[in-house]
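[1] here is my input; please provide its structure:
(one chain, ligands or ions: 1)
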Amino acid sequence: MTTRGARATTPITIARGDGVGPEIMDATLRILDAAGAPLRYEEIDIGERLYHAGHGSGIGPESWDTILRNGVLLKGPITTPQGGGYKSLNVTIRKTLNLFANVRPSKSYAPFIASNHPGINLVVIRENEEDLYAGIEHQQTDEVTQVLKLITRPGSERLIRYAFEYAMAYGRRKVTCMTKDNIMKHTDGLFHRVFDEVAADYPDIEAEHQIIDIGAARLAAQPESFDVIVTLNLYGDILSDIAAQVAGSVGLAGSANIGDEVAMFEAVHGSAPDIAGKGIANPSGLLVAATQLLVHVGAADVAETIKNAWLTTIEHGVHTNDIFRETLSARRASTTEFADAVIERLGETPAQLTPVAYRTGGIHIEPSVGTEADKRLVGVDVFLHWREAERDPDVLGAGLTGALPDGWRLEMITNRGVKVYPDGRPETFCTDHWRCRFAPDGANEVAFTSVLDLLAAVDRAGFEVIKTEHLYTFDGEAGYSLGQGQ
Ligand code: NAD
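    So this is what the prediction gives:
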């Protein structure tokens, strides 16, 4: 382990990575040292060399110990070898270490770097582990596949709390939550409810909610109107790419992946094999990520000094090749020259670009405390694969009703969420996948054994059950959606 800087206090893990990784890491570490960043470094080797040595995820077992011990990782870009069953190292790190939040700032540096949206300065904070990305997919019938969208209260709460803490640490004023809870009242609705609850703890930060479709359209058209956006995994995936595209400065962006135990900071760009070894790569993405790291560990003063020196360098027109424009730039700098230029400007603040000011103290999230509701089983949705040629819901309804054991009634049948029995409409398209909702007859609660009796009866009557979903109430509130038209 090497020690750099005078206030060496926080140990972090560094990984140079592949391609331009070693060059931009050297430049970044030089700047951190010159600014007196209170960090100690422990280096691990990850990426191509490890993949080719037989580690399918590009990381050796001993590196996990180092990452976990230090809790903070500054990572260079990795080249994922094509084909051959290699796994993405980034995905492996995210999943293994439960990095629940992905933080992607998008900012323009106009007029010094060309941008279509000179005023953009926003950050997308995206849930990283849940939602449709849990990867729970099934084919259930000849015609129907499904994916489970899982949204949890603790997962939503720590992400949203992180977003507000982030806003406080970075002096931001507004957090916008984006969901589609007008349609998905239970999953997206939970995320929105938790957002409202957490927002109440941060009265100094403006909190608003937008439906994701109009929100995404606004993000593309008026990105200047956003500050911090917090959202679910899939929406966040799309929104962060929209934001990066409209800002037009992907090469300068850093990103962070945050977990309870470990946080990883890196540039957004890849390993740029086309320019590796030429000494011309722009170290800004990794440097900006390193300033995020400093804020995270509580060294906001050093982060401020470096970021302001970097903004001043950009403003003075010292530009690496990727952002160099004859009309906007003063000097074409190599990677090393760019780092030197930032170091020379430590202590300066930009004249035209807005200087940054961060809060000290780092970012810490307290785990949420769960509560237990009064949970009652009040019915069951039984999903059938039923392939009668005419697909007449009334035939299915009559068949099921005739097979029911005592104590059950058939409440409705839906096809792709639309009620088709009783009183369906003949024009509704029906596939071979039927959701049949059963409720206890004359009682408002049901025992699980009675569900098993129901399933046995339905099976004996010749219907193919493909899955069931229990209908619960929680403290008297229905924990399930109604069928369209119910
Ligand atoms: P890339 O970001 O590496 O390169 C795209 C273009 O941007 C290239 O022209 C490159 O020269 C330029 N560029 C990127 N970074 C630059 C920098 N710092 N300075 C100047 N120019 C820069 O994307 P790609 O070519 O699609 O991917 C190359 C490799 O990187 C692939 O193996 C990919 O899997 C990997 N990758 C890794 C990460 C990561 O580790 N986080 C992210 C994205 C891609």
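[2] tell me the contacts of the closest residue to the ligand within the chain?
    Of all residues in the chain, residue 270 sits closest to the ligand, at 2.5 Å by C-beta to the nearest ligand atom. In this view, the C-beta of every residue, glycine as well, is placed from N, C-alpha and C. Residue 270 makes contact with 19, 77, 79, according to C-beta atoms under 8 Å, 6 or more residues apart in numbering.
[3] and the gap between it and residue 318?
    24 Å (C-beta to C-beta, to the nearest Å).
[4] how far does whichever strand or helix holds residue 125 sit from the chain's center?
    Using DSSP states H and E, the element containing residue 125 is strand 121-127. Centroid separation for strand 121-127 versus its chain: 9 Å, with C-alpha atoms, centre = their mean, to the nearest Å.
[5] same thing with stretch 377-384?
    Centroid separation between stretch 377-384 and its chain, computed with C-alpha atoms, centre = their mean, is 32 Å.
[6] got a pLDDT number for the residue of the chain closest to the ligand?
    pLDDT for residue 270: 92.
[7] could you do residue 249 as well?
    Reported pLDDT for residue 249: 68.
[8] so residue 178: helix, strand or coil?
    Here residue 178 is strand, with the state taken from DSSP: H, G, I helix; E, B strand; the rest coil.
[9] that one reaches residue 235, doesn't it?
    Yes: with contacts counted by C-beta atoms under 8 Å, residue 178 reaches residue 235, the gap being 5.7 Å.
[10] of these two, who's got more company?
    Comparing residue 178 with residue 235 by neighbour count (other C-beta atoms under 10 Å), the higher total belongs to residue 178, at 29 against 23.
[11] residues contacting that one?
    Residue 178 makes contact with 209, 210, 211, 212, 215, 216, 229, 230, 231, 235, 239, according to C-beta under 8 Å, 6+ apart.
[12] now swap in residue 140 and tell me
    146, 383, 385, 433, 466, 467.
[13] is it correct that residue 261 is in contact with residue 69?
    No: applying C-beta under 8 Å as the test, residue 261 and residue 69 come out as separate, 10.3 Å apart.
[14] contacts for the strand or helix carrying residue 306?
    Residue 306 is part of helix 300-315 when elements are defined by DSSP H and E. Helix 300-315 has contacts (C-beta under 8 Å, 6+ apart) with 31-32, 35-38, 109, 112-113, 169, 284, 287-288, 290-292, 294-295, 338, 341-343, 345-353, 355-361.
[15] selecting buried members of the residues you listed in PyMOL, what would you type?
    To isolate in PyMOL the members of these that are buried, counting by 16 or more other C-beta atoms under 10 Å, one can use:
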select buried, resi 31+32+35+36+37+38+109+112+113+169+284+287+288+290+291+292+294+295+338+341+342+343+345+346+348+349+350+353+356+358
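[16] what does the stretch 201-350 of the chain put close to the ligand?
    Residues of the stretch 201-350 of the chain lying close to the ligand (C-beta under 6 Å from any ligand atom) are 251, 266, 269-275, 281-282, 285, 322.
[17] apply 8 Å and report the result again.
    Neighbours of the ligand within the stretch 201-350 of the chain, by C-beta under 8 Å from any ligand atom: 250-251, 255, 266-275, 280-286, 320-322.
[18] need the strands for the stretch 251-400 of the chain, in chain order.
    254-259, 263-267, 318-320, 331-333, 375-385 (DSSP state E, counting those that start in this stretch).
[19] hey, which of those is tucked in deepest?
    Comparing these by mean neighbour count (mean count of other C-beta atoms under 10 Å), strand 263-267 comes out on top with a mean of 26.
[20] relative to strand 254-259, how tilted is that strand?
    160 degrees (axes from the mean of the first three to the mean of the last three C-alpha atoms, to 10 degrees).
[21] packing partners of strand 263-267?
    Using 3 or more C-beta pairs under 8 Å, 6 or more residues apart in numbering; DSSP states H and E as the contact test, the elements touching strand 263-267 are strand 72-75, strand 254-259, helix 284-296.
[22] the last one - contacts with which helices or strands?
    In this case it means helix 284-296. Right, helix 284-296 is packed against helix 21-34, strand 72-75, strand 99-107, strand 254-259, strand 263-267, helix 300-315 by 3+ C-beta pairs under 8 Å, 6+ apart.
[23] looking at these, which one is packed in the most?
    strand 263-267 (a mean of 26).
[24] export only the CA atoms of it, formatted as CSV.
    Extracted in CSV, the C-alpha atoms of strand 263-267 (Å, rounded to 0.1, in the frame of the first residue of the first chain):
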residue,chain,number,x,y,z
ALA,A,263,-19.2,2.7,-3.5
MET,A,264,-17.5,2.6,-6.9
PHE,A,265,-16.6,5.7,-8.9
GLU,A,266,-15.6,5.7,-12.6
ALA,A,267,-15.7,7.6,-15.9
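[25] only whichever of the contacts of residue 270 are buried, select them in PyMOL.
    This is the PyMOL syntax for the buried subset of the contacts of residue 270, where burial follows 16+ other C-beta under 10 Å:
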select buried, resi 19+77+79
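[26] I'd like the contacts of residue 270 written out as CSV, with pLDDT and secondary structure added.
    Converted to CSV, the contacts of residue 270 look like this (pLDDT from 0 to 100; DSSP: H, G, I helix; E, B strand; the rest coil):
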residue, pLDDT, secondary structure
19, 97, coil
77, 96, coil
79, 92, coil
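[27] list just the nearest of the contacts of residue 270 to residue 55.
    residue 79 (14.1 Å; C-beta to C-beta).
[28] I figured the closest one hits residue 18, correct?
    Yes: using C-beta under 8 Å, residue 79 makes contact with residue 18 at a distance of 4.1 Å.
[29] list residues touching both of the two?
    What both residue 79 and residue 18 touch, as defined by C-beta under 8 Å, 6+ apart, is the set 47, 48, 271, 273.
[30] out of the residues you listed, which sit inside helices?
    Using DSSP state H, the subset of these located in helices is residue 48.
[31] quick revisit: which one of the helices and strands packed on strand 263-267 lies closest to residue 398?
    Proximity to residue 398 (C-beta to C-beta) singles out strand 254-259 among these, at 53.8 Å.
[32] what about the helices in this structure?
    Taking DSSP H as the criterion, the chain contains helices spanning 21-34, 48-52, 61-70, 89-96, 153-169, 187-199, 212-221, 233-247, 284-296, 300-315, 335-344, 393-403, 448-460.
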